[in-house]
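K.L.:
Predicted model and sequence follow; I will ask about them next.
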Amino acid sequence: MDIFHILVLGSLSLLLLNYLLNLKVFRFPDILPPHDPAPLISVLIPARNEEQRIRPCLETLISSNYPSFEILVLDDHSTDGTAEIVRQHSQGDSRVHLISGQELPSGWTGKAWACHQLAARAKGEYLVFVDADTRFSDITLSHAVALARRERSDLLSLWPYLEAKSWSEWLVIPFVHLFILLYLPHWMGGRSASLGAANGQFLLFRREAYEKIGGHAAVSGHLVEDIALGRKLRAAGFRVLNRDGTNPGHPIALVRCRMYDNFRDLWDGFTKNLYPAFDGRFGAFVFFQFFQGVVFLGPFLLLPFYPKDPVLWIEIAVILSLRLALTHRFRQSWLGAFLHPVGQSFVITIAANSWLQTLRRRLPWRGRHYAHHNHTHGGQKP
């Protein structure tokens with residue numbers, strides 16, 4: 001038990017220190033002056049069967065106070081009313097444009113191909129890729145551009161307020177923020193490629209940097225293209241920043257999103273992401289799952305066998321304190337925090353399924369199934 005306690009307490013201490021250092025730099029500044037003249041920005045939305053989500057996304061973007069932007073939506077062979085909703089908005093607002101997606105080429109994922117087509121049609125100095133299920137404040141675009149210019153970032157990624165309305169969301173969704181704040185050292189700056197991360201729900205690229213790394217063509221077969229792009233930019237020496245889009249202390253988030261509407265979508269979504277995020281590095285994937293299991297689950301599993309061990313109680317108190325701090329900071333589910341061991345077990349189970357479906361070449365998303373991506377060359381294995 002002594003070695004176990006040293007490992008758990010030492011790891012928790014380092015993660016807690018990293019969390020505290022991250023809090024200040026991760027926070028989005030409260031007030032930013034507008035940049036004059038305002039550069040043209042292109043807001044780019046890949047959409048596949050999004051009729052339940054695309055309308056509020058478009059309406060909140062159209063209400064933006066930013067003076068110079070266009071909105072391009074690519075309909076990726078939707079079988080619902082997505083295209084018609086976008087067409088209606090384009091008729092009422094000349095800034096909105098509907099693009100019909102071309103057939104998916106071999107070696108590409110659907111989202112990367114859609115984003116590649118959008119970038120080819122965009123006219124802006126800045127490219128803002130957002131998901132169809134995101135919604136925005138009227139100040140989001142102006143504040144994001146102002147921050148990107150002030151910090152001279154080549155990619156600014158905002159992490160949204162994540163809505164959760166079902167039991168599976170309460171258990172799993174908070175682990176997104178746990179990962180981004182506990183494991184990644186944002187306080188070290190934005191040029192460490194191995195520690196790269198970005199969130200595809202809001203990616204603000206300086207166009208020149210995006211094109212220099214080859215854009216989405218450089219990650220054509222990657223199922224977690226946002227993280228892959230962040231790492232490529234950092235590896236090329238560009239500056240990548242991750243910032244909080246929840247807008248704490250204010251009633252309206254800069255970016256908000258409900259990632260998944262039900263258990264099945266949540267299961268498929270995280271299955272698609274959890275193993276591919278490691279770029280095929282099986283050893284790193286196994287180590288990370290083992291680390292989570294030992295540090296964030298082990299004390300709870302051992303407690304029934306050693307109920308009088310005071311160190312176990314201290315470890316559990318630290319874990320729950322971290323979860324409660326994140327719950328307060330990102331307005332997450334209190335129930336999900338107290339059910340941490342259940343949620344952690346669920347995340348590890350989905351990660352194992354992600355690896356299994358990778359072996360089966362059946363990683364699911366949006367009605368398509370993908371084989372393992374080739375992380376070296378950016379395409380899928382034949």
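P.N.:
On my side now, so go ahead.

K.L.:
The top helix by length along the chain - contacts with which helices or strands?
P.N.:
Counting by DSSP state H, the longest helix found in the chain is helix 2-26. Judged by 3 or more Cβ pairs under 8 Å, 6 or more residues apart in numbering; DSSP states H and E, helix 2-26 is in contact with helix 174-182, strand 240-244, helix 298-302, helix 310-330. Backbone N, C-alpha and C define where each C-beta goes, glycine included.

K.L.:
ranges for the strands of the chain?
P.N.:
Shown for the chain, the strands assigned by DSSP state E span residues 41-47, 69-75, 96-100, 126-130, 134-136, 155-159, 161-162, 202-206, 240-244, 255-257, 363-365, 368-370.

K.L.:
Next, format those strands as JSON lines and append mean pLDDT, mean neighbour count and distance to residue 178.
P.N.:
Formatted as JSON lines, the strands of the chain follow (pLDDT from 0 to 100; neighbours: other Cβ atoms under 10 Å; distance: least, Cβ to Cβ, whole Å):
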{"stretch": "strand 41-47", "mean pLDDT": "97", "mean neighbour count": "26", "distance to residue 178": "27"}
{"stretch": "strand 69-75", "mean pLDDT": "97", "mean neighbour count": "23", "distance to residue 178": "32"}
{"stretch": "strand 96-100", "mean pLDDT": "96", "mean neighbour count": "18", "distance to residue 178": "36"}
{"stretch": "strand 126-130", "mean pLDDT": "98", "mean neighbour count": "25", "distance to residue 178": "23"}
{"stretch": "strand 134-136", "mean pLDDT": "96", "mean neighbour count": "25", "distance to residue 178": "21"}
{"stretch": "strand 155-159", "mean pLDDT": "95", "mean neighbour count": "27", "distance to residue 178": "12"}
{"stretch": "strand 161-162", "mean pLDDT": "94", "mean neighbour count": "22", "distance to residue 178": "12"}
{"stretch": "strand 202-206", "mean pLDDT": "97", "mean neighbour count": "25", "distance to residue 178": "19"}
{"stretch": "strand 240-244", "mean pLDDT": "91", "mean neighbour count": "24", "distance to residue 178": "14"}
{"stretch": "strand 255-257", "mean pLDDT": "94", "mean neighbour count": "24", "distance to residue 178": "17"}
{"stretch": "strand 363-365", "mean pLDDT": "65", "mean neighbour count": "19", "distance to residue 178": "23"}
{"stretch": "strand 368-370", "mean pLDDT": "63", "mean neighbour count": "15", "distance to residue 178": "26"}
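
K.L.:
So for stretch 258-269, what gets flagged as buried?
P.N.:
Using 16 or more other Cβ atoms under 10 Å as the test for burial, stretch 258-269 gives 258, 259, 260, 266, 267, 268, 269.

K.L.:
Poorly predicted segments of the stretch 1-150 of the chain, please.
P.N.:
Within the stretch 1-150 of the chain, the segments meeting pLDDT under 70 span 31-35.

K.L.:
Quote the end-to-end distance of stretch 104-114.
P.N.:
9 Å (Cα to Cα, to the nearest Å).

K.L.:
Same question for it: list its buried residues.
P.N.:
Buried, per 16+ other Cβ under 10 Å, within stretch 104-114: 107, 108, 109, 110, 111, 112, 113, 114.

K.L.:
check contacts around the residue nearest to residue 293 when sequence neighbours are not counted.
P.N.:
Closest residue to residue 293 apart from its sequence neighbours, by Cβ to Cβ, 6 or more residues apart in numbering: residue 348 at 6.0 Å. For residue 348, the contact set (Cβ atoms under 8 Å, 6 or more residues apart in numbering) comprises 289, 292, 293, 297.

K.L.:
at 10 Å instead, please
P.N.:
Contact partners of residue 348, counting by Cβ atoms under 10 Å, 6 or more residues apart in numbering, are 274, 288, 289, 290, 292, 293, 296, 297.

K.L.:
Helices - which of these land there?
P.N.:
Using DSSP H, 274, 288, 289, 290, 292 are the members of these that sit in helices.

K.L.:
do you know how far the second one is from residue 95?
P.N.:
Read that as residue 288. Distance from residue 288 to residue 95, counting by Cβ to Cβ, to the nearest Å: 43 Å.

K.L.:
Need phi/psi at residue 109.
P.N.:
Backbone torsions of residue 109, given as degrees, to the nearest 10, read phi -90, psi 160.
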